[in-house]
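Chemist: Show me the folded form of this:
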Amino acid sequence: MEQLTGILFIDIETVPITEHYASLTERLQHEWVRKAKVIKPAPGHENAEPASLFEEKAGVFSEFAKVVCIGLGSLYMADNKWKMRLKSLTGTDEKVLLNDFCTVVSKFNKVHPGMRFCGHNIKEFDIPFLSRRMIINGQALPECLQLWGKKPWEVTHIDTMDMWRFGDYKNFTSLSLLAAVLDIPSPKSDIDGSQVSGVFYKEKDLDRIGRYCLQDVYTSAKVYLRLAGMGNIELEQEIVTE
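Modeler: You can find the predicted model right below:
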């Protein structure tokens, strides 16, 4: 039980740093043109210009994108039942958002020394992305994100993609596919990852993005429990708003 309660489940949502390519600084426009030459375009968009590729692809590159939502979750036992406390941090000011994240992590680590992050593909995306954006914003990394110089086995964060790979690094398996093959109910959402940028810039609906992000946090926890051999444990959700 202590091992489970010391895990902080995480998922992030990102968008391009500006809505349009033309709003980038001249220097970043030049760098994006160089980057676009090595990006594989979507089928049917092989001749896409860098400007259109920016809106379509920039959101996954930490040099050209920013964090707008961080979903967090933790497990606890109450009334002989496992429950999950969920909280979404959202904001238009990335630096403030990242500071809020560090505050939550610091508080969690005080209660659970040696805490570990857990999520899907967090070792290749979420954790590196957060770390790079903190550096770009001139922020100090919390100890749990100071991974340079560490050997792979010294990084104790849990990645459900790594667990599912069993040493096979040839393929990417999405969280939704993994939940489907494990027969884990995944809450339905009215948006997907490709639509987050539009919801942020056009609809300006951070609450909607937050709800979507927490669905992935919850699903990641269910997948982790299944992969760890604990079965399909029912988790009552508690959404924290403060």
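Chemist: contacts and neighbour counts: CA atoms only from here.
Modeler: Will do.
Chemist: got the buried residues for the helix or strand where Ser131 lies?
Modeler: Assigned by DSSP states H and E, Ser131 belongs to helix 127-136. Going by neighbour count (16 or more other Cα atoms under 10 Å), the buried part of helix 127-136 is 127, 129-134.
Chemist: For stretch 25-38, buried residues please.
Modeler: Going by 16+ other Cα under 10 Å, stretch 25-38 has these buried residues: 29, 32-33, 36.
Chemist: min pLDDT across these, which one?
Modeler: Least confident of the buried residues of stretch 25-38 in the model: Ala36, at 91.
Chemist: How about residues contacting stretch 78-85?
Modeler: Stretch 78-85 has contacts (Cα atoms under 8 Å, 6 or more residues apart in numbering) with 73-77, 218, 233-240.
Chemist: Helices - which of the residues you listed land there?
Modeler: Tyr218 (DSSP state H).
Chemist: can you give me the helices in the chain?
Modeler: Going by DSSP H, the chain shows helices at 2-5, 26-36, 50-57, 94-111, 127-136, 160-165, 175-181, 196-198, 206-227.
Chemist: Including distance to Trp153, could those helices go into CSV?
Modeler: Formatted as CSV, these follow (distance: least, Cα to Cα, whole Å):
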stretch, distance to Trp153
helix 2-5, 18
helix 26-36, 32
helix 50-57, 32
helix 94-111, 20
helix 127-136, 16
helix 160-165, 13
helix 175-181, 24
helix 196-198, 34
helix 206-227, 19
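Chemist: So which of those helices is the most surrounded?
Modeler: helix 206-227 (a mean of 22; mean count of other Cα atoms under 10 Å).
Chemist: Please name the nearest non-neighbouring residue to Ser197.
Modeler: The shortest distance from Ser197 to any non-neighbouring residue, by Cα to Cα, 6 or more residues apart in numbering, is to Val15 (5.1 Å).
Chemist: That neighbour bridge partners, please.
Modeler: Listed beta-bridge partners, Val15: Lys66 (assigned using DSSP bridges).
Chemist: For PyMOL, write the select line for the buried members of the contacts of stretch 78-85.
Modeler: Buried members of the contacts of stretch 78-85, defined by 16+ other Cα under 10 Å, are picked up in PyMOL with:
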select buried, resi 73+74+75+76+218+235
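Chemist: tell me how far the ends of stretch 68-86 are from each other?
Modeler: With Cα to Cα, to the nearest Å as the measure, stretch 68-86 spans 17 Å from end to end.
Chemist: where does this structure dip in pLDDT?
Modeler: 1-2, 42-46, 187-188 (pLDDT under 70).
Chemist: got the contact list for the nearest residue to Ser220 once chain neighbours are set aside?
Modeler: In space, and not counting its chain neighbours, Ser220 is closest to Gly119: 5.6 Å by Cα to Cα, 6+ apart. Going by Cα under 8 Å, 6+ apart, Gly119 touches 9-11, 158-160, 217, 220-221.
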